[in-house]
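Student: Make a model of this:
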Amino acid sequence: MKKLYIVRHAKSDWSNLRISDFDRKLNDRGLKDAPKMGRVLLQKKITIDLIMSSTAIRAAQTTECIANEIKYDLKKISWIATLYHASVDEITNQIINVDEKFDNIMIVCHNPGITHFVNAQNGFITENVPTCGIILFEINTDNWKNFKESEKKILSFDFPKNYE
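Tutor: Below you'll find the predicted structure:
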């Protein structure tokens with residue numbers, strides 16, 4: 001069995017519309033929510049073997065906040081430019097190329113791709129993965145290469161507003 005944590009970046013700052021979408025940082029709420037969700041994962045005693053993240057600033061900040069809380073070595077984060085506004089196929093491609101030695105992986109990326117990806121796995125479950133939302137899938141396989149055809153079960157769908 002493998003576990004896949006899909007994370008949407010935390011809330012970003014729209015106060016300066018001259019900043020490119022890629023370079024937008026987290027706003028105050030995002031800077032609170034990302035560590036909060038990291039602490040939720042820590043309390044659940046989760047283990048992450050590999051974190052892959054979009055290189056966009058808001059995704060990188062989210063990733064680092066969560067990684068710090070779960071005590072994941074920041075030097076081991078795999079920064080993947082193609083996860084910026086990735087499609088279902090691109091997210092899937094990243095998963096099927098993960099080394100089988102990693103049992104528990106986390107991917108941090110963006111909407112709308114992340115919502116489309118989640119819904120493509122088990123049928124429609126949500127209109128929108130909220131910012132800093134985390135969906136945990138259990139995949140019935142021993143090899144990520146078999147991800148597409150493997151049975152997938154959603155174990156949790158969590159987001160910051162659950163903790164207000």
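Student: Show me which positions of stretch 100-107 end up buried.
Tutor: Under the neighbour-count criterion of 16 or more other C-beta atoms under 10 Å, stretch 100-107 has 103-107 buried. Heads up, the C-betas are built off the backbone N, CA and C, glycines and all.
Student: Name the nearest of these relative to residue 144.
Tutor: residue 105 (7.9 Å; C-beta to C-beta).
Student: Quick check, residue 66 in contact with residue 108.
Tutor: Yes: with contact defined as C-beta atoms under 8 Å, residue 66 reaches residue 108; the gap is 7.5 Å.
Student: What are the boundaries of the strands in this protein?
Tutor: In the chain, the strands defined using DSSP state E lie at 2-8, 50-53, 78-79, 104-109, 134-139, 152-158.
Student: State the pLDDT value of residue 162.
Tutor: For residue 162, the model assigns a pLDDT of 89.
Student: picking that back up, which of the strands of the chain sits closest to residue 21?
Tutor: Short answer: strand 104-109, nearest of the strands of the chain by C-beta to C-beta, at 13.5 Å.
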